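Trainee: Got a predicted structure here, sequence first:
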Amino acid sequence: MGLLEFNDVGIDLGTASVLVYVKGKGIVLREPSVVAVEKLTGRILAIGEDARKMLGRTPGNIVALRPLRDGVISNYDITERLLHHFLKKVSGTHVFFKPRVVVCVPSGVTEVEKRSVIDATEEAGARHTYLIEEPIAAAIGAGIDISAPRGSMILDIGGGTSDVAILSLGGAVLSSSIKVAGDKFDESIVRYMRKKHNLLIGERTAEEMKIRIGSAYPRKEQLFIDVKGRNLISGLPQAIVVASNEMIDALEEPLQSILECVRTMFESTPPELASDITESGICLTGGGALLFGMDRFIAEHTKVPCYIAEDPVSCVAIGTGKVLENIDKFSSGAIYDYKRGDYFEITQ
Ligand SMILES: Nc1ncnc2c1ncn2[C@@H]1O[C@H](COP(=O)(O)OP(=O)(O)OP(=O)(O)O)[C@@H](O)[C@H]1O
Ligand SMILES: [Mg+2]
């Protein structure tokens, strides 16, 4: 293995977190997609985990930004710096050769958005960039043999987008992406707490509630946690006890949107593929797959079995890695080689 190959990397450029896979090594970096910037000068103060700790807690002259909100690059310069920082970090003390990079983008991104991902990656030091759609990478990472003449369905619930796709013979037969995922869950919890409890909480607190007591399906045993915020009537700090079953109400709206997306896809699925999926089940990936009861919620409402992939948060990064390991063999409507300007076929 040459040094250049050693440096080839796969990147899951997610809204919530960035994962980097290095060929031959596996996942070597996992950090939040957050950057702390000094407002006046635009100087970057921290990137990744250090910056995340500052979210919602910064003094007036510092902002903690999430440059990839909603699964697209909303702040190009900052994204480029973020990629640069992480690529540099994984190259460590090695002389930094320009790597080939496979980057995962959400399905449904526009050409302009694709271009900006490619530009940011090149600016950050990549020699050649391949783009792969999120549901394809997720499916490969979940261990699904997507080249088989058999339909499989993947639902990736990330931070910014939920991507659902039906895959067969190496490509996506149908795919759709909605901007409803983990971030929307958090926002819904913030709204619920304001409406039901007159308590103003931050998004980080909401996320913590989601992870600890969030539920898409009733739990056998109720959980309770103390939630601290600011009472909207008195204006003073307050702590209240919140029960897990309240979270089902709080999350109703985004959960219904995701369900609707899956249902709509089934309506246009050819019957042969639909019957394959009824057998193999819907595979859930992404951090949102970890919301308690997500699999049961989807299964119960679609009457199709549903299972959570092993290590759902890493599936996309593992998928980009598998593609990287086989870059010369792989490909499809799934991978876009921007230099050649065309899509290849997957022949796994
Ligand atoms: N145990 C958990 N329960 C519920 N949600 C969780 C859990 N763990 C992580 N999450 C949520 O998963 C989301 C992040 O998932 P993931 O890392 O797959 O997103 P991403 O790939 O960065 O985003 P995207 O694919 O939309 O660009 C966050 O909203 C996070 O709060
Ligand atoms: Mg993702």
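Mentor: Structure's in. What do you need? Ligands and ions are numbered 1, 2, ... in the order given.

Trainee: The closest residue to ligand 2 within the chain - how many residues pack around it?
Mentor: Closest approach between the chain and ligand 2, counting by CB to the ion: G158, at 3.4 Å. Every C-beta, even on glycine, is put in place using the N, C-alpha and C of the backbone. Using other CB atoms under 10 Å, G158 is surrounded by 27 other residues.

Trainee: just V112 next, same as before
Mentor: With other CB under 10 Å as criterion, V112 counts 9.

Trainee: quick thing: my sequence starts at 388, can you match it?
Mentor: With 388 as the first residue, the last one maps to V499.

Trainee: Would you agree it falls within a helix?
Mentor: Yes: counting by DSSP: H, G, I helix; E, B strand; the rest coil, V499 is found in a helix.

Trainee: Please identify the pairing partners of the helix or strand hosting V450 and their relative orientation?
Mentor: Assigned by DSSP states H and E, V450 belongs to strand 449-452. Strand 449-452 has the following strand partners under DSSP bridges: strand 422-425 (antiparallel).

Trainee: Show me what from the protein comes close to ligand 1.
Mentor: 399, 401-404, 458, 493, 521, 545-548, 568-570, 594, 597-598, 601, 673-675, 677-678, 700 (CB under 6 Å from any ligand atom).

Trainee: Going by neighbour count, which of these are buried?
Mentor: 399, 401-404, 458, 493, 521, 545-548, 568-570, 594, 597, 601, 673-675, 677-678, 700 (16 or more other CB atoms under 10 Å).

Trainee: tell me the contacts of N632?
Mentor: Residues near N632 by CB atoms under 8 Å, 6 or more residues apart in numbering: S602, P605, R606, Q609.

Trainee: looking at these, which has the most residues close by?
Mentor: Of all the contacts of N632, S602 has the most neighbours under the rule other CB under 10 Å, reaching 24 neighbours.

Trainee: my guess is that one meets A637, correct?
Mentor: No: assessed by CB atoms under 8 Å, S602 is found out of contact with A637, at 9.3 Å.

Trainee: Spell out the residue ranges of the helices in the protein.
Mentor: Remark: helices assigned in the chain by DSSP state H are 390-393, 436-439, 463-478, 498-510, 521-528, 569-584, 590-600, 631-637, 639-654, 658-667, 681-689, 702-712.

Trainee: What is the neighbour count of I576?
Mentor: Other residues close to I576 by other CB under 10 Å number 27.

Trainee: Next, the contact list for it, please.
Mentor: I576 makes contact with I588, A593, M596, K597, G601, M634, A637, L638, according to CB under 8 Å, 6+ apart.

Trainee: likewise M540?
Mentor: V551, A552, I553, L554, M652, I664, S667, G668, I669, C670, V691.

Trainee: Now do the phi/psi pair for the last one.
Mentor: If I follow you right, that is V691. Backbone torsions of V691, given as degrees, to the nearest 10, read phi -120, psi 130.

Trainee: Tell me how far it lies from D682.
Mentor: As judged by CB to CB, to the nearest Å, V691 and D682 stand 11 Å apart.

Trainee: Between those two, which is the more surrounded one?
Mentor: Neighbour count, other CB under 10 Å: between V691 and D682, D682 has more, with 21 against 18.

Trainee: Low-confidence ranges, the stretch 438-587 of the chain, go.
Mentor: Within the stretch 438-587 of the chain, the segments meeting pLDDT under 70 span 457-459, 479-484, 493-495.

Trainee: Kindly recompute the last result at 80.
Mentor: Along the stretch 438-587 of the chain, segments meeting pLDDT under 80 span 442-447, 456-464, 478-485, 492-497, 500, 511.
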